[in-house]
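>>> sequence and predicted structure below; questions after.
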Amino acid sequence: MRLERLSTNQFKIFLTFDDLVERGLTKEDLWLDLPRVHQLFHDMMYEASDELGFELEGMLLVQVHLMQAQGMMVIVTQNEYELDSEDDEEFVEMKVTLDESRELIFAFMDFENIIQVSSHLQQLGLTGGSVYHMNDLYYMQISEEDVHGQNREHIIAILSEFSSPSIVTSYKLKEYGKVIFDSDAILKVGEYFL
């Protein structure tokens, strides 16, 4: 489990599916209203509170984004509001929304990392993909056709060494991002930079 503070009232948790298995859950369990899922969220909130020094109280808005084969990204926003005068005990209430993405999109801090990952992916025989730039980050999208017949987990492991899984959708990238390579990005990066 990786934790990152985003602001004074928001933090991010990233769990791989291996992290979930270690906690006795599967991806399918998350869609069901099970006591174990409630316990998972409870444990994650308090682990994050301890590690990040985040005081949990009031309303927590929890957005869960399931990313195909990578894991889940949880963004927690704390909304503090006045409690009723008759209720003077502290409490934590969570409102959870769950979303699942089937896209393989990774965010890179700089273009050099895209060059490095493209070199490794070309060695596996991959040539496709798209690259975008948006909000000071580079994004690489790998389509289903690009990974067909390949070991998906191996590709994701290589991408994860140089980048982070992203919850940005391809629709947002196409609408607001700058297209660097719209197709065959791995091949083109290799031709131009390797």
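That came in fine, so what should we check first?

>>> who touches residue 116 in this structure?
Shown in contact with residue 116 (Cβ atoms under 8 Å, 6 or more residues apart in numbering): residue 162. Heads up, the C-betas are built off the backbone N, CA and C, glycines and all.

>>> report the contact partners of residue 108.
Listed by Cβ under 8 Å, 6+ apart, the contact set of residue 108 reads 114, 117, 137-140, 162-163.

>>> of all those, which two lie farthest apart?
Put simply, by Cβ to Cβ the two of the contacts of residue 108 set farthest apart are 117 and 137, 14.2 Å from each other.

>>> so between those two, which is more surrounded?
Taking neighbours as other Cβ atoms under 10 Å, residue 117 and residue 137 compare with residue 117 leading, 23 against 17.

>>> what helix or strand does the more buried one sit in?
Using DSSP states H and E, residue 117 sits within helix 111-123.

>>> equivalent analysis for residue 61, please.
Taking DSSP H and E as the definition, one finds residue 61 inside strand 58-67.

>>> can you list contacts of that strand?
The contact list for strand 58-67, computed with Cβ under 8 Å, 6+ apart, reads 27, 30, 41, 45, 72-81, 83, 91-101, 103, 165-167.

>>> which parts of the protein are strands?
Taking DSSP state E, the strands of the chain run over residues 2-7, 10-15, 58-67, 71-79, 92-101, 104-108, 130-134, 137-142, 164-165, 178-181.

>>> mind putting those strands into TSV with distance to residue 188 and mean pLDDT?
Below are these laid out as TSV (distance: least, Cβ to Cβ, whole Å; pLDDT from 0 to 100):
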stretch	distance to residue 188	mean pLDDT
strand 2-7	31	88
strand 10-15	29	89
strand 58-67	25	83
strand 71-79	29	86
strand 92-101	25	73
strand 104-108	16	94
strand 130-134	8	98
strand 137-142	12	96
strand 164-165	23	86
strand 178-181	5	98
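
>>> now render those strands as TSV, adding distance to residue 192.
As requested, these are arranged in TSV below (distance: least, Cβ to Cβ, whole Å):
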stretch	distance to residue 192
strand 2-7	32
strand 10-15	31
strand 58-67	29
strand 71-79	31
strand 92-101	29
strand 104-108	16
strand 130-134	11
strand 137-142	14
strand 164-165	24
strand 178-181	9
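
>>> and residue 104, how many neighbours?
Look at residue 104: counted by other Cβ under 10 Å, it has 24 neighbours.
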